[in-house]
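1. Build me a structure from this.
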Amino acid sequence: MAYGIVLEFTDVDRKQYDAVNDKLGLDMTNGKGDWPAGLLSHAAGPLPTGWVVSEIWESKSAHEGFMAGRLGAALAAVGVPAPTRVTDSDLVSYRAP
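-> Numbers count the residues shown, from 1 in each chain. Sure thing, here's the model as predicted:
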């Protein structure tokens, strides 16, 4: 079954989020780009203290591979700190109606 993860970042804003996506070759305005294999859904937005990203992946290993490679490098290049809170789950259901 699918894997879900929510990453919360303190003192991260839209400008940094957009810069990371630029490094990844992803255009969030039109959904085009070099999306990682295994990613089923992605959502992000502001929090009072920073930024949140919520994703659904085909598997935990697909997420970990992306994080260890392309995403980790993009976050470092932009200077985004590690998430202050991570919540994840091996999901028992996932549907995109």
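2. relative to its centroid, which residue of the chain is most remote?
-> For the chain, the C-alpha lying farthest from the average C-alpha position belongs to P97; by Cα atoms, centre = their mean, that distance is 21.3 Å.
3. Let me see the ranges of the helices in the protein.
-> Using DSSP state H, the helices found in the chain span residues 14-24, 60-66, 72-78.
4. Can you add mean neighbour count and distance to G33 and give those helices back as CSV?
-> Every residue, glycine included, has its C-beta placed from N, CA and C. Converted to CSV, the helices of the chain look like this (neighbours: other Cβ atoms under 10 Å; distance: least, Cβ to Cβ, whole Å):
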stretch, mean neighbour count, distance to G33
helix 14-24, 16, 7
helix 60-66, 16, 13
helix 72-78, 15, 12
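5. Let me know which of those is the nearest to G45.
-> Taking Cβ to Cβ, helix 14-24 is the member of the helices of the chain nearest to G45, at 8.8 Å.
6. Go through the helices of the chain and name the closest to K32.
-> K32 lies closest, by Cβ to Cβ, to one member of these: helix 14-24, at 11.2 Å.
7. Contacts for that closest one, please.
-> By Cβ atoms under 8 Å, 6 or more residues apart in numbering, the surrounding residues in contact with helix 14-24 are 27-28, 33-34, 44, 46, 51, 70-71, 73-75, 77-80.
8. which residues touch T49?
-> The contact partners of T49, by Cβ under 8 Å, 6+ apart, come to T10, D11.
9. From D88, how far out is the residue nearest the centre of the chain?
-> With distances taken as Cα atoms, centre = their mean, the chain has V53 as the residue nearest its mean C-alpha position (5.2 Å). For V53, the distance to D88 (Cβ to Cβ, to the nearest Å) stands at 12 Å.
10. which residues do the two both contact?
-> The contact sets of V53 and D88 overlap at V6 (Cβ under 8 Å, 6+ apart).
11. For M1, find the nearest of the helices of the chain.
-> Closest approach to M1 among those is made by helix 60-66 (10.5 Å; Cβ to Cβ).
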